[in-house]
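Engineer: need coordinates for the below:
(one chain, ligands or ions: 2)
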Amino acid sequence: GAGAAAGAFATKASPEVENVAAAKVPFRGDIQAGITTPAQDHMHFVALDVKTKSRDELISLLKEWTVAAERMTAGQEAAENGAVGGNAEAPPKDTGEALDLPASALTITIGFGPSLFDDRFGLKDKRPERLIDLPRFPQDDLDPARSNGDICIQACANDPQVAVHAIRNLVRIGFGRVAVRWSQLGFGRTSSTTRDQATPRNMFGFKDGTRNIKAEDTDHLRDHVWVSKEDGPDWLVGGTYLVSRRIRMHIEIWDRTSLVEQEQIVGRTKGEGAPLGQANEFDEPDLHVKGAGGIPLIGEIAHIRLASPEALNGARILRRGYNFTDGSDGLGHLDAGLFFVAFNRDSRTQFVPMQQALSTKDDMMEYVEHTGSGHFAVPPGVKEGGFWGEGLFR
Ligand SMILES: C=CC1=C(C)c2cc3[nH]c(cc4nc(cc5[nH]c(cc1n2)c(C)c5CCC(=O)O)C(CCC(=O)O)=C4C)c(C)c3C=C
Ligand SMILES: [Fe+2]
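Structural biologist: Residues are numbered from 1 along each chain as shown. Ligands and ions are numbered 1, 2, ... in the order given. As a prediction, the model looks like this:
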């Protein structure tokens, strides 16, 4: 009967759903995981400063991190017999909070900030020309304690405990050699990076990630994300550049804004996420269509117009951000927002002009405040037998 059929469906469907959420994402490959990987639900991101002055110690740390990161993405402890079962007289080699939890699609992605390329480690001539110190944008309110860093590590997983465990254990391994500069927890994805993922919503309640670069867009990835041989430097070919922006969203003010105004600011409907003037989420925005009085339906300063490739000489980026709330500000407001993470091939011609346009023209700026910033060169994937960033030290 119908009950039996429904039951059969339920038993068939649920393990598949569970498997996707719990899956293991391969750590090694041509590119690092955590960029085109289907965006997981949670993120823990950390920026670190290197404290050791020794190049050899930095190299051995990257090797130790690689071993631990590969193990953890496979659902194992950071070290064998890590939490229990090792020498009981010594501190355990794994902190233990992910024991019994599956891999949860954990990916761990590393990047190197401009400051790593000073004269401490002999890396000065390895600094990519494109790894600029990001300019100050109008209305920036950046906190140095939430900005920059020698190294960043992004951990994404479908279980927040797994992402936090990964960062915590890498930091633990680095004790004495690196120190945490800042970190950010993200509780919900604000992008989709594959076509079969549903588009999530940001803290303004709008679908975010609709017109993102997706893993299937191989031409866009080649043109807008991956560093090519001609771009150089050699050690970064197959890598990319990560821009992070901690964007506080003044949600209490937004929540007092009418629906019509919210939709005009974004340039899309709130329910369906359709471009204004269209019916469905994935309809192409028509930036020319006019309404009453010849006024464009997608306004001249609508967010999706200003950020569109049409307005930016074809520039696109791959967005992979997360919602956050970091408690409250003591003035009755939630400290909430979007931890914006984007990957691009040349931030000078992609992220920078985009953010320049948004920071000067976008009405959304009245509701947001950029409080943190980072720029990192993300090396290519780790080959069999290799370690994170090894090309830097050849
Ligand atoms: C500099 C780049 C960008 C910043 C910073 C940024 C902040 C930001 N965006 C939203 C909400 C939405 N953004 C949307 C689209 C969109 N945003 C950017 C870039 C930045 N956004 C791009 C490149 C695009 C796509 C433009 C296009 O080609 O159409 C959307 C619409 C849905 C979508 O396509 O993703 C929303 C909603 C917030 C709330 C925010 C800062 C807090
Ligand atoms: Fe946006």
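Engineer: what does stretch 292-303 rub up against?
Structural biologist: Outside stretch 292-303, the residues within contact range by Cβ atoms under 8 Å, 6 or more residues apart in numbering are 264-267, 275-277, 285-291, 304-305, 358, 361-364. C-beta: built from backbone N, CA, C; applies to glycine.
Engineer: for stretch 88-98, how far is the first residue from the last?
Structural biologist: Chord length of stretch 88-98, first to last residue, is 19 Å (Cα to Cα, to the nearest Å).
Engineer: buried stuff in it?
Structural biologist: 92-95, 98 (16 or more other Cβ atoms under 10 Å).
Engineer: go on, stretch 382-390?
Structural biologist: 382, 387-390.
Engineer: and the contacts of stretch 292-303 near ligand 1, which?
Structural biologist: Filtering the contacts of stretch 292-303 for neighbours of ligand 1 using Cβ under 6 Å from any ligand atom leaves 266, 285, 304, 358.
Engineer: the last one: how many residues sit nearby?
Structural biologist: Okay, so that is residue 358. 20 (other Cβ atoms under 10 Å).
Engineer: Three-state assignment for it, please.
Structural biologist: Secondary structure assignment for residue 358 (DSSP: H, G, I helix; E, B strand; the rest coil): helix.
Engineer: dump the residue contacts of it.
Structural biologist: With Cβ under 8 Å, 6+ apart, residue 358 has these contacts: 303, 306-307, 364-365.
Engineer: just to revisit the earlier point, and which of the buried residues of stretch 88-98 is nearest to residue 77?
Structural biologist: Of all the buried residues of stretch 88-98, residue 94 has the smallest distance to residue 77: 3.9 Å, by Cβ to Cβ.
Engineer: now the closest one: how far from residue 75?
Structural biologist: Taking Cβ to Cβ, to the nearest Å as the measure, residue 94 and residue 75 are separated by 12 Å.
Engineer: could you pull out the strands for the protein?
Structural biologist: Using DSSP state E, the strands found in the chain span residues 42-50, 107-112, 151-157, 178-186, 188-189, 240-249, 318-319, 322-328, 334-344, 368-378.
Engineer: buried ones in the last one, by neighbour count?
Structural biologist: For strand 368-378, the neighbour count (16+ other Cβ under 10 Å) marks 368-378 as buried.
Engineer: who's in contact with residue 126?
Structural biologist: Per Cβ under 8 Å, 6+ apart, neighbours of residue 126: 117, 233, 235, 392.
Engineer: verify the stated contact: the first one with residue 133.
Structural biologist: No - with contacts defined as Cβ atoms under 8 Å, residue 117 does not count as touching residue 133, sitting 11.0 Å away.
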